[in-house]
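Novice: Prediction below, plus the sequence it came from.
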Amino acid sequence: MKSCVSRTDSLITQTFASGARCVVDTGTARQNVEAARSLYLESSNIGLPPYECRDVAERFADVMALADNAFIYADPTRKDDFPDAAGEFLLETTLRDYRRNLERLRYEIEKVT
């Protein structure tokens, strides 16, 4: 799970930078969309967690879904699906939520380790 989160966060940082304002590198986005989708699908194969780890599992699912959504909004082949202002807003709010949930996931992992 940690490896999956680490690789996903690396793709997010490469594609969108890490600041408060979203900067999309279209070339990098094009390259990373499929890798992010693969990681999202891989994340669903971790199995059922023990009861003590349910909070970790929920945060993990949230983080992976938000990352996948961010790549959907940034996918250059789907630009026609979202008007520029709406797509930008959705991407920025999704990345904000991703970063918040990533911090919560790290906290939950610390609690059980």
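Specialist: Looks like it came in fine. Numbers count the residues shown, from 1 in each chain.
Novice: Thr13 - how many residues pack around it?
Specialist: 10 (other CB atoms under 10 Å). To be clear about C-beta, it is placed using only N, CA and C from the backbone, and glycine gets the same treatment.
Novice: That one and Leu91, how far apart?
Specialist: Thr13 is 15 Å from Leu91, where distance means CB to CB, to the nearest Å.
Novice: Flag every buried residue along whatever helix or strand Glu110 lives in.
Specialist: Assessed by DSSP states H and E, Glu110 sits inside helix 84-112. For helix 84-112, the neighbour count (16 or more other CB atoms under 10 Å) marks 87, 90-92, 94-95, 97-99, 101-102, 104-105, 108-109 as buried.
Novice: Can you say which two of these are spatially most distant?
Specialist: Gly87 and Ile109 (31.9 Å; CB to CB).
Novice: Nearest residue to the middle of the chain?
Specialist: Ala67 (1.6 Å; CA atoms, centre = their mean).
Novice: So it is in contact with Ala35, correct?
Specialist: No. If you go by CB atoms under 8 Å, Ala67 and Ala35 don't touch, sitting 10.8 Å apart.
Novice: Contact partners for Glu42?
Specialist: Cys4 (CB atoms under 8 Å, 6 or more residues apart in numbering).
Novice: List the backbone torsions phi and psi for it.
Specialist: Phi and psi for Glu42, reported as degrees, to the nearest 10, are phi -60, psi -40.
Novice: can you check Phe71 too?
Specialist: According to degrees, to the nearest 10, Phe71 has phi -70, psi -30.
Novice: where does it land on pLDDT?
Specialist: Note on Phe71: pLDDT of 92.
Novice: Repeat that for the one 3 residues further on.
Specialist: If you check Ala74, the pLDDT there is 87.
Novice: Apart from its neighbours in sequence, what residue is nearest it?
Specialist: With CB to CB, 6 or more residues apart in numbering as the criterion, Ala74 has its nearest non-adjacent residue at 4.6 Å, and that residue is Ala29.
Novice: Quickly find the element holding Gly47.
Specialist: Using DSSP H and E, Gly47 sits in no helix or strand.
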